[in-house]
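Student: here's a sequence, model it:
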Amino acid sequence: MNRVLENEFYYLDNFQAVLDWIAQRYPDLLTDEEQAFIAAFPALPQPARALFVRMVMRKGELFRASKLRYAEIGCPVAAAQHLLPTGWVSSDPELTLDELFDLLSKPELVLAFGDRLQHKNARKAEQLEALRASCGDSRAFSSWFANCDDLALRIHVKPLCDRLRLIFFGNLRQDWTEFVLSDLGLFRYEQVEFSPASRGFRERSDIEHYLVLHACRARFADGLEPLEDIVRDVPQHAFHNDWLESRREKLLFQIGQQHEKGKDWTAAHAVYTRCRFPGARSRAIRVLEKAERFDEAWDLLLTAREAPENDAERQHLLRIGPRLARRLGHPKTIARRPDPVRLDVCLPMPSGDWWVEGVVREHLAGEDAPVFYVENMLANALFGLLCWRAIFAAIPGAFFHPFHRGPADLYSPDFHQRRANEFADCLAQLDDGRYRATILGHFAEKAGISSPFVSWEYLDAGLLELALDCIPAAHLKKWCERILADVKENRTGFPDLIQFWPHEKRYNMIEVKGPGDRLQDNQLRWIEYCATHGMPVSVCYLQWEQAA
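Tutor: Below you'll find the predicted structure:
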């Protein structure tokens, strides 16, 4: 039987494991309050600790004891008595009218307010509005609902527990369920060695900066206040912590995009010029053009041309450059691009359930030339399996806890550079023939372990063997080199289908476009890259036969 099912207090053990981990790895960063909590928590009786963790894991700060009944804890009121002296939890707390309405059902509201509810069958929201004028103060739960035999509890230290969760995970996206999913075997994680230098937070200000950014991001997501107010609260200066700085830059970039959607070119440009997030310079050129500040846009374009940040920016400059040149009367330049093989297919529209790529796949497939729908999966899997040890190298700042699906700096500009030696060894195997054994070995050894590149549910040994038989090592190396050049941008855009001719040891990649569909930018970049380096790639344009 699974450990989670055997141990009724698995969630308490997991919570304590987080406290122990933090106490061991981050003692110098903790506040007095956090240190006191970590020290005091284990001394409480087990039912009290279990009740506390149940409250932490549930939504909100207010609970009714009757809703906190768990077989392993026993009486929640008795368990809560041991929590009250800590100040972490209070009994019969003062509630606003809104908080009371969240706790009580409609029949209970009738009992609590009696004749003061003029319309007893009205919706709770309408009843709440009707009572606001006469019930604007805060009162103890027992004062609001004198005849109730239930007890209300309020937990006061959820912000503290959220900070501890943040210190452990390095983010507020992951929560306590990560332990449970791992224990149940639903998620498995690579075991990485942790050194003192691998801490996600290196100084207390890192934690405070994260919380400020998180609050700004939440306000931005809500969309309820002017963007200028949020920008004002985003820290102005770059952080010393690289991965935190990346979060700051990304938030600014997203705010700039929102200004752009609102056609506020001036505000968008002001934000983009503060931001070094990939794509910000391209967007700055674009909004200058939209604002008809053509000279400024041209000057920034010339600067970008000297050292494009990635293929995406290079592509954008090739697109926008002729337009700006025409506006300013500069000589026209033509960028020559390699043309992929074009494949035109006209087929009868199928009946029943179908999808465009599947129709083309079935049409092209032959007994000796199978076709697979792989899109980005296959190339990423081959890269991920070959370079597994480099991707999961235990370098400082890459892994903070045991529940990483991939390194924290995966999308950082220096991701490759920081692991240059490890990746060089992996790619060297494509030159001396070791790569096949490494890929197949990792496929067997690491099966099911979470990876940012390997989608296990779509990968099988037969497809992997075919790929290794038919795709030359030199081509695989070019794929890997381009992914490493810009992981975020270049892990997508691969053609939809791949066809193998096992007897001839060759393959062809096929991007499928249905009627009215066109190639996306990231697809164009991959197709041009493959065509430039002599890798077989086709674009299949599907049309439906006209009915007679």
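
Student: which residues in the stretch 1-150 of the chain form strands?
Tutor: 62-64, 89-91, 94-95, 139-140 (DSSP state E, counting those that start in this stretch).

Student: name the helices or strands packed onto the first one?
Tutor: Counting contacts by 3 or more C-beta pairs under 8 Å, 6 or more residues apart in numbering; DSSP states H and E, strand 62-64 is packed against helix 97-103, strand 152-155. Bear in mind the C-beta positions are built from the backbone N, C-alpha and C, glycine included.

Student: so Gln16 is in contact with Ala43, correct?
Tutor: No - using C-beta atoms under 8 Å, Gln16 is not in contact with Ala43; the gap is 11.9 Å.

Student: so Glu457 versus Glu6, what's the distance?
Tutor: The gap separating Glu457 from Glu6 is 28 Å, by C-beta to C-beta, to the nearest Å.

Student: returning to that earlier point: reformat the strands of the stretch 1-150 of the chain as a markdown table; add distance to Phe494.
Tutor: Formatted as a markdown table, the strands of the stretch 1-150 of the chain follow (distance: least, C-beta to C-beta, whole Å):
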| stretch | distance to Phe494 |
| --- | --- |
| strand 62-64 | 49 |
| strand 89-91 | 53 |
| strand 94-95 | 56 |
| strand 139-140 | 62 |
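
Student: so for Asp28, which of the ones you listed sits nearest?
Tutor: Evaluated over the strands of the stretch 1-150 of the chain, closeness to Asp28 peaks at strand 89-91, with 28.8 Å, by C-beta to C-beta.

Student: tell me which other helices or strands the closest one touches.
Tutor: With contacts defined as 3+ C-beta pairs under 8 Å, 6+ apart, the packing partners of strand 89-91 are strand 152-155.

Student: ok, then the element right after the strand it packs on?
Tutor: For strand 152-155, the succeeding helix or strand toward the C-terminus, using DSSP states H and E, is helix 158-169.

Student: residue nearest the centroid of the chain?
Tutor: In the chain, the C-alpha nearest the mean C-alpha coordinate belongs to Arg173, at 8.3 Å (C-alpha atoms, centre = their mean).

Student: ok so that one is a helix residue?
Tutor: No - the assignment for Arg173 (DSSP: H, G, I helix; E, B strand; the rest coil) gives coil, which keeps it out of a helix.

Student: mind checking pLDDT for it?
Tutor: On the pLDDT scale, Arg173 is placed at 87.

Student: quick revisit: okay if I get the strands of the stretch 1-150 of the chain as CSV plus mean pLDDT and distance to Asp102?
Tutor: Output for those, formatted as CSV (pLDDT from 0 to 100; distance: least, C-beta to C-beta, whole Å):
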stretch, mean pLDDT, distance to Asp102
strand 62-64, 95, 7
strand 89-91, 96, 17
strand 94-95, 94, 9
strand 139-140, 92, 15
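
Student: nearest to Val539, out of these?
Tutor: Comparing the strands of the stretch 1-150 of the chain against Val539 with C-beta to C-beta, the closest turns out to be strand 62-64 (58.5 Å).

Student: for the closest one, list every residue counted as buried.
Tutor: Buried residues in strand 62-64, defined by neighbour count with 16 or more other C-beta atoms under 10 Å: Leu62, Phe63.

Student: likewise stretch 201-216?
Tutor: Of the residues in stretch 201-216, those with enough neighbours to count as buried (16+ other C-beta under 10 Å) are Phe201, Arg202, Asp206, Ile207, His209, Tyr210, Leu213, His214, Cys216.

Student: with stretch 371-389 instead?
Tutor: For stretch 371-389, the buried set under the neighbour-count rule, 16+ other C-beta under 10 Å, comprises 371-388.

Student: for stretch 89-105, same thing?
Tutor: For stretch 89-105, the neighbour count (16+ other C-beta under 10 Å) marks Val89, Ser91, Pro93, Leu95, Leu97, Glu99, Leu100, Phe101, Leu103, Leu104 as buried.

Student: before we move on, what about stretch 34-48?
Tutor: The neighbour-count check on stretch 34-48 (16+ other C-beta under 10 Å) flags Glu34, Phe37, Ile38, Phe41, Leu44, Pro47, Ala48 as buried.

Student: which ones among these lie within helices?
Tutor: Within the buried residues of stretch 34-48, residues falling in helices by DSSP state H are Glu34, Phe37, Ile38, Pro47, Ala48.

Student: check contacts around the last one.
Tutor: Contacts for Ala48 (C-beta atoms under 8 Å, 6 or more residues apart in numbering) come out as Ala79, Ala80, Gln81, His82, Leu83.

Student: and the closest residue to Gly74 other than its chain neighbours, what is it in contact with?
Tutor: The spatial neighbour of Gly74 that comes closest, neighbours along the chain excluded (C-beta to C-beta, 6 or more residues apart in numbering), is Pro47 at 5.7 Å. Listed by C-beta under 8 Å, 6+ apart, the contact set of Pro47 reads Ile73, Gly74, Ala78, Ala79, His82.

Student: could you redo the last one with a cut-off of 10 Å?
Tutor: Contacts were defined as C-beta atoms under 10 Å, 6 or more residues apart in numbering; by that measure Pro47 touches 9, 12, 70, 72-76, 78-83.

Student: filter those to the buried ones?
Tutor: With burial judged by 16+ other C-beta under 10 Å, the buried subset of the contacts of Pro47 is Phe9, Leu12, Ile73, Pro76, Ala79, Ala80, His82, Leu83.

Student: if we can go back for a sec, tabulate the buried residues of stretch 201-216 (JSON lines), appending distance to Ala312.
Tutor: Rendered in JSON lines, the data for the buried residues of stretch 201-216 read as follows (distance: C-beta to C-beta, whole Å):
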{"residue": "Phe201", "distance to Ala312": "31"}
{"residue": "Arg202", "distance to Ala312": "31"}
{"residue": "Asp206", "distance to Ala312": "30"}
{"residue": "Ile207", "distance to Ala312": "33"}
{"residue": "His209", "distance to Ala312": "28"}
{"residue": "Tyr210", "distance to Ala312": "28"}
{"residue": "Leu213", "distance to Ala312": "25"}
{"residue": "His214", "distance to Ala312": "28"}
{"residue": "Cys216", "distance to Ala312": "26"}
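
Student: quick check: the farthest pair among those residues?
Tutor: With distances taken as C-beta to C-beta, the most widely separated pair in the buried residues of stretch 201-216 is Arg202 and Cys216, at 21.5 Å.

Student: follow-up on the earlier one: now, which of the contacts of Pro47 sits nearest Gly406?
Tutor: Minimum distance to Gly406 across the contacts of Pro47 is 29.2 Å, recorded for Leu12 (C-beta to C-beta).

Student: relative to Leu172, how far out is the closest one?
Tutor: Counting by C-beta to C-beta, the gap between Leu12 and Leu172 amounts to 21 Å.

Student: next: Ala152.
Tutor: Ala152 sits 27 Å away from Leu172, going by C-beta to C-beta.
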